[in-house]
Each structure stands twice: as C-alpha cells, then as structure tokens.
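S.K.: With the input below, show me the fold.
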Amino acid sequence: MNIRIFVIISTLVLAIVSFQTLSYERNKAVPVEKVVYGKVETIRHITETELIRDKSAGWKHFGGALIGGVIGNQFGDGSGQVAATILGSIIGASITKNNVQNYSQRTVKLIEMMILTEDKQRVMVIQDYDSHMQFSKGSTVRIVYLQSNTVRVDTAY
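M.R.: Model prediction:
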C-alpha cells in the first residue's frame, strides 16, 4: 500500500473517531447527598419523542471516504495522484453523508410529579416511567438527591 494513502486513511480514521460521542452510563452507582420524604400532590404521564443519532454513521462515512480515496488513487501520478486521492476521499465521504440517515426517532414515557415534602416545600420532578414503580396522588415517596446533580423519586417503604 502506498505510504501516502496510508497517511490519508489514518488521518480520516482519527478525524471520524474523534467526532464519536461517549455513551452515558445510566445505571452507574453514585453517592447520595440527601433523602427527603413527601406525598405526591399531582401526577401526569408524558410521552416524548426524541431523535437518536446513528452511532454507526461515522463508520459509514469512513467507508465512503475510503472507497472514494481508492478510486481517486487510480488517476494521475505524483502530486496529481495525491490530489485525486484526497478529492476522491472527500467526495466519497460527502456522498455517503448525503445518503445515510443520521437520526431515528424513539418514543420515551415520562412521569411528572408535584411533591409536597415533609418540610412543606413543593418539588417538581420529571423522570423516566417505570412500570414496576406505580405512583398515584397521595402516595408517600422519597426524593433521592444524588451527587451527580440529579434527583430520583421512588416509593417509600
């Protein structure tokens, strides 16, 4: 393999990998700051549609750039061949970008609760709906404040 092609392909791989986002670990254990008890005053179920980014789109763009670079490498010689390889890579990635769907839709169920705490403070919490944890007006709940600046409500036992 020509060293120039290897350098170009390596550069493209590094660029694509650097744009990939890290996934968030939802079920990661975090320390608790405080726990507050209260009663549910109002409850509302919400359905929300969100866009999800296709995490494999970067590899598809890379494949397009690679094929375009290989095709471009067939033309010219010397610096003209290098220019054709680079141009082929750019065109291949561009064609792939225009033909690959980057997003899909997912429907998320949420629950919104207004809670009156034991110290008479009102707290509004919106969280993912959990079919195993049923809330209703008047339910006693605990509000768990985590160090990660998040709050979670669950049933009090």
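S.K.: Next, the residues that contact the longest strand anywhere in the chain from outside, please.
M.R.: Secondary structure of the chain per DSSP state E: the longest strand is strand 32-53. Here strand 32-53 makes contact (CB atoms under 8 Å, 6 or more residues apart in numbering) with 21, 102-119, 122-123, 126, 129, 135-147, 156. The C-beta positions use only the backbone N, C-alpha and C, and glycine is treated the same way.
S.K.: What mean pLDDT does stretch 33-51 get?
M.R.: Rounded to a whole number, the mean pLDDT of stretch 33-51 is 86.
S.K.: Kindly apply the preceding question to stretch 109-129 instead.
M.R.: On average, stretch 109-129 scores 91.
S.K.: cool, stretch 82-90 as well?
M.R.: For stretch 82-90, mean pLDDT rounds to 80.
S.K.: coming back round to it: in strands only, show me the contacts of strand 32-53.
M.R.: Among those, the members falling in strands (DSSP E) are 103-117, 122-123, 126, 140-146.
S.K.: Show the buried residues in the residues you listed.
M.R.: By the neighbour-count criterion of 16 or more other CB atoms under 10 Å, the ones in strands among the contacts of strand 32-53 include these buried positions: 111, 113, 115, 123, 141, 143.
S.K.: Quickly note the distance from the last one to Arg152.
M.R.: Between Ile143 and Arg152 the computed distance is 8 Å (CB to CB, to the nearest Å).
S.K.: Kindly format the C-alpha coordinates of the longest strand of the chain as PDB.
M.R.: Below are the C-alpha coordinates for strand 32-53, written out as PDB (Å, rounded to 0.1, in the frame of the first residue of the first chain):
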ATOM      1  CA  VAL A  32     -26.400  10.100  47.700                       C
ATOM      2  CA  GLU A  33     -26.400  13.700  49.100                       C
ATOM      3  CA  LYS A  34     -29.700  13.600  50.900                       C
ATOM      4  CA  VAL A  35     -33.100  11.900  51.000                       C
ATOM      5  CA  VAL A  36     -36.400  13.800  51.500                       C
ATOM      6  CA  TYR A  37     -39.800  12.200  52.100                       C
ATOM      7  CA  GLY A  38     -43.100  13.700  50.800                       C
ATOM      8  CA  LYS A  39     -46.500  13.000  49.300                       C
ATOM      9  CA  VAL A  40     -47.500  13.200  45.600                       C
ATOM     10  CA  GLU A  41     -49.900  16.100  45.000                       C
ATOM     11  CA  THR A  42     -50.300  15.800  41.200                       C
ATOM     12  CA  ILE A  43     -49.100  13.300  38.700                       C
ATOM     13  CA  ARG A  44     -49.000  13.500  34.900                       C
ATOM     14  CA  HIS A  45     -47.800  10.900  32.300                       C
ATOM     15  CA  ILE A  46     -45.900  12.400  29.400                       C
ATOM     16  CA  THR A  47     -44.900  10.900  26.100                       C
ATOM     17  CA  GLU A  48     -42.000  12.500  24.300                       C
ATOM     18  CA  THR A  49     -40.400  11.700  21.000                       C
ATOM     19  CA  GLU A  50     -36.700  12.200  20.800                       C
ATOM     20  CA  LEU A  51     -34.200  12.000  18.000                       C
ATOM     21  CA  ILE A  52     -31.400   9.400  18.300                       C
ATOM     22  CA  ARG A  53     -28.200   9.900  16.500                       C
END
